[in-house]
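Visitor: Model the structure of this input:
(chains A and B)
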Amino acid sequence: MSELAIKVENLYKHFGKGDSFVDVIQDASFSINKGELVALVAPSGAGKTTLLLMIGCVENPSSGAIWLGDEKVYEDKWLTRETRKIRREKIGFIFQSHYLIPFLNIIDNLTLLPQANGVSDKAAKAKARELLKYFEISDKEKAMPSQLSGGQNQRVAIARALANNPQIILADEPTAALDAQRSVDVVKMLKKIAREQDVAVVMVTHDDRMLPYCDRVMKIDNKTIIFE
Amino acid sequence: MINLAKEDIRHTLGKFIVTAMGVGMLLGIVLIMMGVYRGMMADAETLLNDLNVDLWIVQEDTLGPFAESSRVHEDLKYSLKSMQSVDKSEAVTFQNMQLPFENKKISVMAIGFDVYGDISPVNPARLIDGRGLKTDHYEIVATDKIGFKLQDKVTLGRNVYTVVGLTHDSVSSSGDPLVYISLKDAQELQFSYSNKEILNDRARGIINKDAHMANAIIATTKAGYAVEGVAEEIRKWQHKSVYTREQQKVVLTKNVVEKASKQIGMFTAILIAVATIIIALIIYTMTLEKMKEISIMKLMGLPNGMIVKMIVEETLLLGVLAFVFGNIFSHLIDDKFPKRIVLEISDAWILFGIVVIASILASFIGVKKVINADPTAAIGG
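Guide: Have a look, this model is predicted:
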């Protein structure tokens, strides 16, 4: 079993044609291992989210190749029609805001995706309770998102990203809405998750104060990827 | 498996129920409209069923008193009675009049019949108080809807009548309450003029010969005789138009209430279309309110089927709940209408089918929105 979680080779992304042609990513090649927390930094509009969405099988690359774990999912085209299934089974998403489903209670928010993957209600709930315990919010499983604080909801959102046992977590500025101390707590938590759950975490951030807590920092510089 | 529709509805239960009640009131009005139509048809047939005769003999080349003016001689009933195939025959009159009641005039239809004859239009099953007519003069049986009580006095023409009986649900084909008077009184009211007018007519050489006229002769046939054959014989020898019970029913339903029923049918169709559009708009708005969550669900990898199922189930439940509220609403208000409303279970089932189909159609707009939802909309705050 390889330790490789993400591998990208010669990835290009451009938008438009003719006069409106815009190059966003050029010849990006990198790999990220399981257990790693990698920060993705770049100025606004440089293509961080686009790169995140390409890795997440949401945005179509223009060319190149992407592997998620052992599976090659893209080579100049998606190698499966079920990109949504790949996301459901291999990737966990964390957003700027918690974006929990407001009409589902906490445990249902956590079991929704596993159940869509065919996991039984009992098994999904057992995993969800394990995660809620891990994040020290076991007493909130019947609560609605509106009844929780911002910090608690963000912890639930992270737990949700882990509920389907993903190989990769893609976090789009997960600390943007938090104060400095909570931001540090969240990043430390992501690092702990990466280690203990053996997942690769790619975290888009604008906050340089978070970088020391990450294993590697990936920058988009002049459309190319460089590691610091 | 989590049922997203159930959870979403539970989350906004009050709003969902109020919305369903609103649509339900609209569907209730659709049911009422259907009930108005059924009521008209029932009203049209009430008198026909109460009389329960085989033949209606009316003025030649007319459709009879329910559709146009018809006059026949009262003594025609004797000619008919002499026919071997005829069992009973009686003269009847039908007259629209304004009945005075508590300082106002109530539009009624007065039926005149021979109190001592073989056929009575007063259906004993409808008589809820008092008795039928027993004498030739100045007694009246009225339907309870007018508001009369037994022994009330009513002035008609030059005479004062006493209410001797009250019936329930007795209405004419146009929905007006029915009153029953003796044939002699009816002939006097319909065909006799005031003394001054009679004098005036005599001076002009006109002698009133109409006092023994009727609007129709009704008859029953003896067992073993084909009704249509008897009708044909009367047409041939008596120079009258003759309608069987079924033909008279057609006259009443097609010629008399057809336009009104078409009008109601149009209103009903428009209301159903409006209800469909409203359900579609509500579902569209409900879907729009959830677009962020839908984008997140799509981004996380939830299959379209699960999200579409939520929209369709919510739409169907809204439709079904609205249908239930509509039924309750229509049954609460049906007796408040001045004319008869007949709410039939078969109509409710038809509406239920329409509501289900309309709800599915209405959900398409929300489903289209889900399918086109951009999962990247969840990214970037």
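
Visitor: Find me the pLDDT at the most centrally placed residue in chain A, would you?
Guide: Nearest residue to the geometric centre of chain A (Cα atoms, centre = their mean): A:Leu170, 1.1 Å. Turning to A:Leu170, the model gives it a pLDDT of 94.

Visitor: For it, which three-state class applies?
Guide: Secondary structure assignment for A:Leu170 (DSSP: H, G, I helix; E, B strand; the rest coil): strand.

Visitor: Quick one: residues contacting it.
Guide: Counting by Cβ atoms under 8 Å, 6 or more residues apart in numbering or on different chains, A:Leu170 touches A:Leu52, A:Ile55, A:Gly56, A:Ile91, A:Gly92, A:Phe93, A:Ile94, A:Val202. To be clear about C-beta, it is placed using only N, CA and C from the backbone, and glycine gets the same treatment.

Visitor: The third one: neighbouring residues, count only.
Guide: Just to be clear, that refers to A:Gly56. Residues lying near A:Gly56 (other Cβ atoms under 10 Å in any protein chain shown) number 28.

Visitor: For it, which non-adjacent residue is spatially closest?
Guide: Leaving aside its sequence neighbours, A:Gly56 sits nearest to A:Leu170 (Cβ to Cβ, 6 or more residues apart in numbering or on different chains; 5.0 Å).

Visitor: ok, what's across the strand from that neighbour?
Guide: A:Phe93, A:Val202 (DSSP bridges).

Visitor: Look up how far A:Val204 lies from it.
Guide: 8 Å (Cβ to Cβ, to the nearest Å).

Visitor: try B:Ile354
Guide: Taken as Cβ to Cβ, the span from B:Ile354 to A:Val204 is 51 Å.

Visitor: same question, B:Val92
Guide: 92 Å.

Visitor: Residue numbers of chain A in contact with chain B?
Guide: Neighbours of chain B within chain A, by Cβ under 8 Å from any Cβ of the partner chain: A:49, A:52-53, A:56, A:58-59, A:84-89, A:91, A:93, A:95-97, A:99, A:101-104, A:108, A:111-113, A:115-116, A:121, A:144, A:172-173, A:176-177.

Visitor: And the furthest pair within the contacts of A:Leu170?
Guide: Farthest apart among these by Cβ to Cβ are A:Ile55 and A:Ile94. That separation is 13.7 Å.

Visitor: Contacts only, for the residue of the stretch 201-350 of chain B found nearest chain A.
Guide: Chain A sits closest to B:Gly301 of the stretch 201-350 of chain B, with a gap of 3.0 Å, by Cβ to the nearest Cβ. Contact analysis of B:Gly301 by Cβ under 8 Å, 6+ apart lists A:Arg84, A:Lys85, A:Ile86, A:Arg87, A:Arg88, A:Glu89, A:Ile91, A:Leu113, A:Ala116.

Visitor: For the first one, what is the enclosing helix or strand?
Guide: If I follow you right, that is A:Arg84. helix A:83-90 (DSSP states H and E).

Visitor: got the angle for that helix vs strand A:168-172?
Guide: 110 degrees (axes from the mean of the first three to the mean of the last three Cα atoms, to 10 degrees).

Visitor: Just the pLDDT at the residue of the stretch 1-150 of chain B found nearest chain A, thanks.
Guide: Per Cβ to the nearest Cβ, B:His11 is where the stretch 1-150 of chain B lies closest to chain A, at 3.5 Å. pLDDT, B:His11: 92.

Visitor: Counting neighbours, what do you get for it?
Guide: The burial count assigned to B:His11 is 16, neighbours taken as other Cβ under 10 Å.

Visitor: what's the closest non-adjacent residue to it?
Guide: Residue nearest to B:His11 in three dimensions, not counting chain neighbours: A:Phe103, with 3.5 Å by Cβ to Cβ, 6+ apart.

Visitor: For that neighbour, grab phi and psi.
Guide: A:Phe103 adopts backbone torsions of phi -90, psi 0, taken as degrees, to the nearest 10.

Visitor: Run a quick neighbour tally on whichever residue of chain A sits closest to chain B.
Guide: Nearest residue of chain A to chain B, counting by Cβ to the nearest Cβ: A:Arg88, 3.0 Å away. A:Arg88 has 20 neighbours, counted by other Cβ under 10 Å.

Visitor: was I right about it contacting A:Pro114?
Guide: No - between A:Arg88 and A:Pro114 there is no contact under Cβ atoms under 8 Å: 9.1 Å.

Visitor: quick one: common contacting residues for the two?
Guide: By Cβ under 8 Å, 6+ apart, the residues touching both A:Arg88 and A:Pro114 are A:Asn164.

Visitor: A:Gly151: which element?
Guide: Here A:Gly151, judged by DSSP H and E, is contained in helix A:150-162.

Visitor: hmm, I was thinking of A:Lys219
Guide: Per DSSP H and E: strand A:216-221 holds A:Lys219.

Visitor: ditto for B:Ala42
Guide: helix B:13-51.

Visitor: can you check B:Ile217 too?
Guide: Per DSSP H and E, B:Ile217 falls inside strand B:216-221.

Visitor: counting contacts, what elements does that strand pack onto?
Guide: Strand B:216-221 is packed against strand B:55-58, helix B:76-81, strand B:86-101, with contacts defined by 3 or more Cβ pairs under 8 Å, 6 or more residues apart in numbering or on different chains; DSSP states H and E.

Visitor: Chain B: helices as residue ranges?
Guide: Here chain B has its helices, by DSSP state H, at B:4-11, B:13-51, B:76-81, B:183-191, B:195-203, B:227-238, B:245-250, B:258-289, B:291-300, B:304-333, B:345-372.

Visitor: Count residues in the vicinity of B:Ile365, would you?
Guide: Applying other Cβ under 10 Å, we find 17 residues neighbouring B:Ile365.

Visitor: tell me the contacts of it?
Guide: Neighbours of B:Ile365 in contact, by Cβ under 8 Å, 6+ apart: B:Ala280, B:Ile283, B:Tyr284, B:Thr287.

Visitor: Common neighbours of A:Leu170 and A:Val204, please.
Guide: Any residue near both A:Leu170 and A:Val204 by Cβ under 8 Å, 6+ apart counts here, and that gives A:Leu52.

Visitor: Relative to B:Asn123, which of the contacts of A:Leu170 is nearest.
Guide: A:Phe93 (75.3 Å).

Visitor: For the closest one, give me its contacts.
Guide: The neighbours of A:Phe93, taking Cβ under 8 Å, 6+ apart as the test, are A:Gly56, A:Arg87, A:Ala161, A:Ile169, A:Leu170, A:Ala171, A:Asp172, B:Ile296, B:Leu299, B:Met300, B:Ala378.

Visitor: 6 Å - rerun?
Guide: Shown in contact with A:Phe93 (Cβ atoms under 6 Å, 6 or more residues apart in numbering or on different chains): A:Ala161, A:Leu170, B:Leu299, B:Met300.

Visitor: how about those, which pair is most distant?
Guide: Going by Cβ to Cβ, the pair spanning the contacts of A:Phe93 furthest: A:Ala161 and B:Leu299, at 11.5 Å.

Visitor: re the thing from before, can you flag which of the residues of chain A next to chain B belong to strands?
Guide: The strands, defined by DSSP state E, take in A:Ile91, A:Phe93, A:Asp172 from those.

Visitor: so how many other residues sit close to the last one?
Guide: Yep, that's A:Asp172 we're talking about. 23.
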